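Student: mind looking at a prediction? Sequence and model below.
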Amino acid sequence: MPPTPDQTQNLDQIREDIEFEATLRDRPFRFHSTWGLFSPREIDVGTHLLLDRIEVNSADDCLDIGCGYGPIGLTLARLAPEGRTLLVDKDFVAVEYAEKNARANAIDNADVLLSNGLAQIPTDREFDLIATNLPAKIGNELTTLIVADAWARLRPGGRLYLVTLSGMRKFIQRVIQQQCGTYEKVKQGGIYTLHRAVKPPTKG
């Protein structure tokens, strides 16, 4: 049985971009998103937790791992206008929408790259700040690789921030301590916990 006109119209509406406005770190954004991306209609609680507490310097080179449609990375780019921010995601749809949102918000110091973790990032590229809203579903092995690879790409004095479900906090603490040799719990909430590791500055 063919779809009715009402059913066809509903499908067309579902295919349209989801658009919404948000204020992140006192800066206005307009986001385009679509079904299938994480939290497509609003900024999720974990992202708010991270962005409310992350420390960013104006000249930081930043990396957003698993960027989705871009709220974390694009906020970092605005907070660090003298640096360069890279957003990466393994989902080509997320990359497409992060690029669209960079253009829509006139952010020209951000680049977007299709990459599973840090795999496609040039090996000589380093960062002052790396952040991720880490999905629980990626598994323990990829989580460990992301933490280890991110730590290796941080410059001396660089900061690694991860926001995760609070139920993962003990595991994440162990992984960060094992891979980074240091750990700090920034904030624990009922649903999400924000973790940080700071790389020691170069001696001398």
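Tutor: Structure's in. What do you need? Numbering: from 1, shown residues only.
Student: in this protein, what helix or strand scores lowest on average pLDDT?
Tutor: Of all helical and strand segments in the chain, the minimum by mean pLDDT, DSSP states H and E falls on helix 5-15, at a mean of 75.
Student: my guess is residue 46 contacts residue 187. True?
Tutor: No: with contacts counted by Cβ atoms under 8 Å, residue 46 stays clear of residue 187, the gap being 10.9 Å. In this view, the C-beta of every residue, glycine as well, is placed from N, C-alpha and C.
Student: quick one, which of these two is more surrounded?
Tutor: In this comparison of residue 46 against residue 187, neighbours counted by other Cβ atoms under 10 Å, the higher total goes to residue 46 at 24 against 14.
Student: heading C-terminal from the helix or strand that one falls within, find the next helix or strand.
Tutor: Following DSSP states H and E, one finds residue 46 within helix 45-53. Tracing the chain past helix 45-53, the next element assigned as helix or strand by DSSP H and E is strand 62-65.
Student: just checking, next helix/strand downstream of that next one?
Tutor: Next helix or strand after strand 62-65 toward the C-terminus (DSSP H and E): helix 71-79.
Student: which strand of the chain spans the most residues?
Tutor: As assigned by DSSP state E, the longest strand anywhere in the chain is strand 154-165.
Student: what strands line up against it, and which way round?
Tutor: strand 127-133 (parallel), strand 192-198 (antiparallel) (DSSP bridges).
Student: let me know which of these is tucked in deepest.
Tutor: strand 127-133 (a mean of 25; mean count of other Cβ atoms under 10 Å).
Student: grab the CA positions of that strand and hand them over as PDB.
Tutor: The C-alpha coordinates for strand 127-133 follow below in PDB (Å, rounded to 0.1, in the frame of the first residue of the first chain):
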ATOM      1  CA  PHE A 127      47.400  20.300  21.200                       C
ATOM      2  CA  ASP A 128      47.200  22.500  24.300                       C
ATOM      3  CA  LEU A 129      43.700  21.300  25.200                       C
ATOM      4  CA  ILE A 130      41.800  18.100  24.300                       C
ATOM      5  CA  ALA A 131      38.200  17.500  25.200                       C
ATOM      6  CA  THR A 132      35.600  14.700  24.600                       C
ATOM      7  CA  ASN A 133      32.100  13.800  25.700                       C
END
